[in-house]
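Chemist: Test case, fold it:
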Amino acid sequence: MIKLNPETKKTLTQELVKALAGMSIINGNIGFEAWQALAATGAVLPKDHKPKANGDPGRQVRTRLNAIISDDPVRDFAFDYLLEVVPGILGLTDASGPLAETLGTDPKTLANELIDALEELPYPYAFSIALPEQLSFLLPQSDAELKIGARVRLTRADHAFKQRYPIVFVGSRNESKLPVASLGFPTINSGTVMLQIEADGFVDSYGTSTTVQDGMLAIKAFFGFCIANGVLDRGFAWSPKSEVVQMLFHRRDLAEYVGHKEFEPDASYFMQNLRMAPARPSADQIQEKLQRIGLWLDESVPLQRLQLASRWFFDSSATRDDITGFVQAVIVLETLLGDTEASDRNAISLGELLRNRCAHLLGKSAKERESIMKQFKAIYEIRSAIVHRGHHRLTTHEMVLLHMLRSFCARVIRAEGNLLTSTA
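Modeler: Next comes the predicted model:
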């Protein structure tokens, strides 16, 4: 839980009382002015400092709140809290007047309630997406659930699942107040295989908090790992349209539906058309690969760079813009193999550093390393032409190099992942 020190709590209460006293409700709603009025609360949290050697090794309050809410966490949490409280008390009335008075309370009481809610963070969530039917092989027919690492699972949308993860608002929320990110209720067919990721943090009404963004990126990382590890492969459909993939938010402790958010069109299209990898791994091989991926998705710091690279790999694979995909694929290798400080110390270009590291990581012989270095040189020249000279269309030869580049990305992700988890 978040614990504010007494002095910070006192100052924050004063700033909130001041802001809340000046807020009004207009026709049953609070407006953007309320968000602006809360701006001063952002300066209340003390700047983080490194804990003493014998002090709390955990992250400091500001850093923890930034990591789950936003870069202005108190303002954004307070505004979202009010978005929940106002309709919860007033319903669909057209009431207008001073905020606290209209709610039947006073600014000091409301400020204390808000701070109490802040200190209850983080909340436990489950983020879920429905997998397309052709990916149902990932969960054996005989199993209702498959744990993949500490925070990821595949599960089936049976009666028990729908009881625990209902898709209907309860409590202070009501059907008339859907989050802006969610228009209408999603539907899940019985028996559908669900990918679910657990996270602790904060989900706001607009689906824009850091926790939500990280949840969507974690799902992308999962699929990026599945492609890199030879479980899944990209597929193609004749239709340019596809169903939008939605990530559902549930409070694990309350069995409560919070909302959902849609993935961007390219990501949705890509996920809807994924298929089993051409090598057609056996059921046992798939389970083994998934467990390895579960290790790669662990929240430990050493694996964060690997997960970031996998997200870029997903985006590169999903985009239908080849120029963007080329740059994103290079970013995968820069994320895992790049080191600007090492490049500066040794007076070599970043491209040359990446070329050497990629060749020595993947090459099994001097001849293979030489071939990789030659191919990588051509790849990096295209990247430079795009970034520095505005190159905007890939030739047939450059498309071949893009496929080769993505192959390098997959191999580097596997190699780095296996190195990082070899002792796990």
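
Chemist: Need the per-residue pLDDT for Asp56.
Modeler: In this model, Asp56 is scored at 47, pLDDT.

Chemist: ah, wrong one, I meant Leu118
Modeler: For Leu118, the model assigns a pLDDT of 96.

Chemist: With Ala218 instead?
Modeler: With respect to pLDDT, Ala218 scores 96.

Chemist: quick one: it and Ile129, what's the gap?
Modeler: Distance of Ala218 to Ile129, given as C-beta to C-beta, to the nearest Å: 11 Å. Glycine gets a C-beta too; all of them are placed from N, C-alpha and C.

Chemist: next one: Ile30
Modeler: Ile30 is 32 Å from Ile129, by C-beta to C-beta.

Chemist: do the same with Asp116
Modeler: On the measure of C-beta to C-beta, Asp116 and Ile129 end up 33 Å apart.

Chemist: Comparing the two, which residue is more hemmed in?
Modeler: Applying other C-beta atoms under 10 Å to Asp116 and Ile129 shows that Ile129 carries more neighbours, namely 24 against 9.

Chemist: Run through the bridge partners of the more buried one.
Modeler: With DSSP bridges as the criterion, Ile129 is bridged to Leu195.

Chemist: Test my guess that it contacts Leu195.
Modeler: Yes: contact criterion C-beta atoms under 8 Å: Ile129 and Leu195 qualify, at 5.3 Å.

Chemist: what touches both of those two?
Modeler: Listed as contacting both Ile129 and Leu195 by C-beta atoms under 8 Å, 6 or more residues apart in numbering are Ile219.

Chemist: Next one, pLDDT for Ala126 please.
Modeler: pLDDT, Ala126: 97.

Chemist: Oh, that last question was meant for Ala21, not what I typed.
Modeler: pLDDT recorded at Ala21 is 92.

Chemist: count of neighbours near the residue nearest to it when sequence neighbours are not counted?
Modeler: The shortest distance from Ala21 to any non-neighbouring residue, by C-beta to C-beta, 6 or more residues apart in numbering, is to Pro107 (4.5 Å). Using other C-beta under 10 Å, Pro107 has 20 neighbouring residues.

Chemist: For Pro107, give its distance to Ser205.
Modeler: 22 Å.

Chemist: same thing with Lys108?
Modeler: Taken as C-beta to C-beta, the span from Lys108 to Ser205 is 25 Å.

Chemist: quick one: which of those two has more around it?
Modeler: Ser205 (20 against 15).

Chemist: tell me the SS of the more buried one?
Modeler: coil (DSSP: H, G, I helix; E, B strand; the rest coil).

Chemist: again with Met247
Modeler: Assignment for Met247 (three-state DSSP): strand.

Chemist: when you give positions from now on, start the count at 8
Modeler: Okay, residue one is now 8; in that scheme the one you just asked about reads as Met254.

Chemist: Is it correct that Val419 is in contact with His367?
Modeler: No: in this structure, Val419 is not within contact of His367 by C-beta under 8 Å, at 11.3 Å.

Chemist: Can you pick out the residue with more neighbours from the two?
Modeler: Val419 (24 against 12).

Chemist: show me the contacts for the more buried one.
Modeler: Val419 is in contact with 316, 339-340, 343-344, 365, 368-369, counting by C-beta under 8 Å, 6+ apart.

Chemist: Equivalent analysis for Arg241, please.
Modeler: Going by C-beta under 8 Å, 6+ apart, Arg241 touches 234, 277, 280-282, 324.

Chemist: Which of those residues fall in helices?
Modeler: 234, 277, 324 (DSSP state H).

Chemist: ok, how many other residues are close to the last one?
Modeler: Same thing as Ser324. Counted with other C-beta under 10 Å, Ser324 comes out at 24.

Chemist: Look up how far Asn196 lies from it.
Modeler: 27 Å.

Chemist: now the first one
Modeler: Counting by C-beta to C-beta, the gap between Ile234 and Asn196 amounts to 25 Å.

Chemist: Neighbour count for those two, which is higher?
Modeler: Taking Ile234 and Asn196 together and counting by other C-beta under 10 Å, Ile234 has the greater number of neighbours (23 against 8).

Chemist: The stretch 108-257 of the chain: strands as residue ranges?
Modeler: 130-137, 152-155, 159-163, 200-208, 239-240, 253-258 (DSSP state E, counting those that start in this stretch).

Chemist: Would you format those as a markdown table with distance to Thr218 included?
Modeler: Below are the strands of the stretch 108-257 of the chain laid out as a markdown table (distance: least, C-beta to C-beta, whole Å):
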| stretch | distance to Thr218 |
| --- | --- |
| strand 130-137 | 7 |
| strand 152-155 | 20 |
| strand 159-163 | 16 |
| strand 200-208 | 3 |
| strand 239-240 | 26 |
| strand 253-258 | 9 |
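
Chemist: Following the helix or strand containing Arg82 in sequence, what is the next regular element?
Modeler: Assigned by DSSP states H and E, Arg82 falls within helix 80-97. Toward the C-terminal end, the helix or strand that comes next after helix 80-97 (DSSP H and E) is strand 104-105.

Chemist: which outside residues touch that next one?
Modeler: 28, 30-32.

Chemist: Please flag which of the residues you listed sit within helices.
Modeler: Those of those lying in helices (DSSP H): Ala28.

Chemist: who wins for most neighbours among the contacts of strand 104-105?
Modeler: Ile32 (23 neighbours).

Chemist: Skip the chain neighbours and tell me the closest residue to that residue.
Modeler: Closest to Ile32 by C-beta to C-beta, 6+ apart is Thr109, at 4.8 Å.

Chemist: dump the residue contacts of Lys37.
Modeler: Rather than Lys, residue 37 is Ile. So Ile37 contacts 30-31, 89-90, 93, 106 (C-beta under 8 Å, 6+ apart).

Chemist: which of the residues in stretch 394-402 are buried?
Modeler: Within stretch 394-402, the residues that count as buried by 16 or more other C-beta atoms under 10 Å are 398, 401.

Chemist: Any idea how far apart the tips of that stretch sit?
Modeler: Using C-alpha to C-alpha, to the nearest Å, the end-to-end distance of stretch 394-402 comes to 16 Å.

Chemist: The stretch 208-357 of the chain: helices as residue ranges?
Modeler: Along the stretch 208-357 of the chain, the segments classed as helices by DSSP state H, counting those that start in this stretch run 217-235, 272-279, 290-303, 311-325, 329-344, 347-352, 357-369.

Chemist: least reliable of these going by mean pLDDT?
Modeler: For the helices of the stretch 208-357 of the chain, mean pLDDT drops lowest on helix 347-352, to a mean of 52.
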